[in-house]
Structure formats: C-alpha cells, structure tokens
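Undergrad: the sequence isn't on hand, but the structure is:
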Ligand SMILES: O=c1[nH]c(=O)n([C@H]2C[C@H](O)[C@@H](COP(=O)(O)O)O2)cc1CO
C-alpha cells in the first residue's frame, strides 16, 4: 500500500473531550501512513490551542499541509469551526476527504452532510470500527483495492 500523507483534522478550540480517541486513530494511521497533524492527538494539547506558534503561523502551516497532503481524514463528532473551514478548503482544492462521526446525539452539520462533495461520511461506534473503516477507505484511495461502487 502506498504510504499516504494524511491531514488528520479534529477539534482543538472546539473542545478536547475526544482527544484520547484522536490519539488512538492517529496512532493507527501512523502504522501505515504519515500523519502531518500528529499534534492534534496530543492529550496535553488543551482547548487553548498550540502556544508555540501564532494563530497566523498555525493557519499558514495548516494550509500548506492541506495543499500537500494526499487525503484529509476528519473526526467531526466534536464540532469545530477550524475543521469546518478545513473541510471547505479541502473541497475547494479537490482533496479526497474521509469523515468519521461517532454515533451519538450530536448530528453532523448539514453544511457537511448536505454537501455533495463529501461522499465518504461514516458513522462508527467503537475505535476498532473506525479503524476498520479507515483501513478499507485508505486502501481504495491508495489504489491497492478497487473503488467501491455504492456505499
Ligand atoms: O492550535 C491549533 N492548531 C491547529 O492545527 N488547528 C487546526 C487543526 C484542526 O484540525 C483545527 C481545529 O480547529 P478548532 O481549534 O477551531 O477546533 O484547526 C487549530 C488550532 C487552534 O484553533
């Protein structure tokens, strides 16, 4: 399987409730691929955000990573303005996007689930299920398996 450059997007100032889950998903992705945004899984990163960089530096770096990545993987359960922006940007530049939403009371924004560009939106219960989805979908994107016809 081709080693993909993955932009993993998830909430920071939107709230860090799910940080441990981000870390587990990132660690799983790193067994086969490169995750550009590893910092998003750091459990000591708080909702203040990164403090070593200015907001303008964060923005510039992240847009550069978005431009150079092979695929965007977004964990969207905890709503985040930044993730919404990144998804719209990924659409604008035509990057493949996988969206993972944990089953629960929080519904994904209609601006994402209603956007025709985002076809690969998956609901999962456990981290193991999310990993299975990632493995399958990234296999399609890296070109080692035939693309699925219908979800
Ligand atoms: O410190 C940061 N570092 C950083 O890389 N981001 C990016 C990556 C995340 O996918 C996204 C999170 O946005 P937000 O902070 O609005 O939840 O924005 C966001 C912040 C803080 O807004």
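TA: Yep, that arrived. Because the structure is predicted, anything quoted here is derived from the model rather than measured.

Undergrad: which residue sits closest to residue 89, ignoring its sequence neighbours?
TA: Residue nearest to residue 89 in three dimensions, not counting chain neighbours: residue 66, with 5.7 Å by CB to CB, 6 or more residues apart in numbering. All C-beta atoms are positioned from the backbone trio N, CA, C, and that covers glycine.

Undergrad: which residues does the one you found contact?
TA: 7, 72, 86, 89-90, 93, 95 (CB atoms under 8 Å, 6 or more residues apart in numbering).

Undergrad: buried subset of the residues you listed as a ChimeraX selection?
TA: Entered in ChimeraX, the line below selects the buried ones among those, by 16 or more other CB atoms under 10 Å:
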select :7,72,86,89,90,95
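
Undergrad: just send the contacts of residue 66 back as CSV, with distance to residue 18 and secondary structure too.
TA: Output for the contacts of residue 66, formatted as CSV (distance: CB to CB, whole Å; DSSP: H, G, I helix; E, B strand; the rest coil):
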residue, distance to residue 18, secondary structure
7, 18, strand
72, 17, strand
86, 16, helix
89, 22, helix
90, 20, helix
93, 26, helix
95, 23, coil
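
Undergrad: any chance of the contacts of residue 66 in a markdown table, plus distance to the ligand and pLDDT?
TA: What follows is the contacts of residue 66, written out as a markdown table (distance: CB to the nearest ligand atom, whole Å; pLDDT from 0 to 100):
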| residue | distance to the ligand | pLDDT |
| --- | --- | --- |
| 7 | 8 | 99 |
| 72 | 9 | 98 |
| 86 | 5 | 99 |
| 89 | 11 | 98 |
| 90 | 11 | 98 |
| 93 | 16 | 98 |
| 95 | 14 | 98 |
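
Undergrad: let's have the contacts of residue 66 in CSV, adding distance to residue 62.
TA: Converted to CSV, the contacts of residue 66 look like this (distance: CB to CB, whole Å):
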residue, distance to residue 62
7, 8
72, 11
86, 7
89, 9
90, 11
93, 13
95, 13
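
Undergrad: can you read off the pLDDT for the closest residue in space to residue 2 that isn't next to it in sequence?
TA: Closest residue to residue 2 apart from its sequence neighbours, by CB to CB, 6+ apart: residue 142 at 4.1 Å. Listed pLDDT for residue 142 reads 89.

Undergrad: how near is residue 142 to residue 23?
TA: From residue 142 across to residue 23, the span is 23 Å (CB to CB, to the nearest Å).

Undergrad: noted, bye for now.
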